[in-house]
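Undergrad: predicted structure and sequence below. I'll ask about it afterward.
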Amino acid sequence: SDVYKRQYQRRVRGSTSMDDVALFYKGEKERKKASSTELNEFLKDIPLHLKQPLLKLQSHKVRTLEDVLLLPLNDVDDFAATTREVSMELVCHVSKAILEKKKVCTMRSLNDLLSDPTNIRKLSMGCEIINKLFNGGLPTRGIIEISGEAGCGKTQFCLKAILQAQLPEDMGGLGGGALYIATEGDFPTSRWSQMAQAFLAKYPFLDKDALHNSLLITRIESVHLLSYFRVKFGLS
């Protein structure tokens, strides 16, 4: 509907056309229809004591296997009116079903990823200690998860990586831009400005406008919208 299209456009802050939005939601409807059928098939295979909790989740607009995983465990407990032990068992069954039927990923250790001979390109963080930790820099394949308490430097690390990525490859960069996707809060513009200013002072050959324009910023409220960016920007 037009309402959903307008809502989606606000989420991506006008970075796409109405035709793009219409095609995206058409694809989302087809995906949900297929996933709903998959959920009904899943109901036939799970243990009997898990069927009733899953049916109760469906009454709370849980339509796909992915929807089950997106729910916080507290909500699974409440919506399914069951115990934490049963909720955990249900989530485990759902996770296994997604892995087996969709082949969404191949589990690899960090050491395997870092030692992969095909994983040649790495991003230097401009810090010998961090580069040494990652055997020469951040790998450009896979996902790196950074966790820690508030104020420990997670955002700082990401902003630094964004800046470093824009350096030429012969200087440890990737010669490219970055896509910053926020799920909470806004982009830290003040901190970015301070870091960008210091970075430009260190590398004066970089163009200020190019530095800022090569960073795309957006905010999403649903993990499913990531599929839009995967198609839009050709992300793997």
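TA: Yep, it's here.
Undergrad: hey, where'd the helices end up in the protein?
TA: Secondary structure of the chain, counting by DSSP state H: helices at 2-11, 18-45, 48-58, 65-70, 73-80, 84-102, 110-115, 128-133, 154-165, 189-202, 208-213, 226-232.
Undergrad: the closest residue to Ala210 other than its chain neighbours and Thr155, how far apart?
TA: Leaving aside its chain neighbours, Ala210 sits nearest to Gln166 (8.0 Å; criterion: C-beta to C-beta, 6 or more residues apart in numbering). Where you see a C-beta, it was placed from the backbone N, CA and C, and this is true even at glycine. To Thr155, Gln166 is 18 Å away according to C-beta to C-beta, to the nearest Å.
Undergrad: burial check on Tyr180, number of neighbours?
TA: Neighbourhood size, Tyr180 [other C-beta atoms under 10 Å]: 15.
Undergrad: how close does it sit to Thr155?
TA: Going from Tyr180 to Thr155 by C-beta to C-beta gives 10 Å.
Undergrad: quick check: mean pLDDT of stretch 46-65?
TA: Across stretch 46-65, pLDDT averages out at 87.
Undergrad: now that stretch - C-alpha only, CSV.
TA: The C-alpha atoms that make up stretch 46-65 are tabulated as CSV, following Å, rounded to 0.1, in the frame of the first residue of the first chain:
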residue,chain,number,x,y,z
ILE,A,46,8.5,-30.9,15.3
PRO,A,47,7.8,-32.8,18.6
LEU,A,48,4.2,-32.7,19.8
HIS,A,49,5.0,-30.6,22.9
LEU,A,50,6.4,-27.8,20.7
LYS,A,51,3.5,-27.5,18.3
GLN,A,52,1.1,-25.7,20.7
PRO,A,53,3.7,-23.0,21.6
LEU,A,54,4.4,-22.4,17.9
LEU,A,55,0.7,-22.2,17.1
LYS,A,56,0.3,-19.5,19.8
LEU,A,57,3.2,-17.6,18.3
GLN,A,58,1.4,-17.7,15.0
SER,A,59,-1.6,-15.9,16.6
HIS,A,60,0.9,-13.1,17.5
LYS,A,61,1.7,-12.6,13.7
VAL,A,62,4.7,-14.9,13.7
ARG,A,63,4.5,-16.0,10.0
THR,A,64,8.0,-17.3,9.2
LEU,A,65,10.8,-19.3,10.8
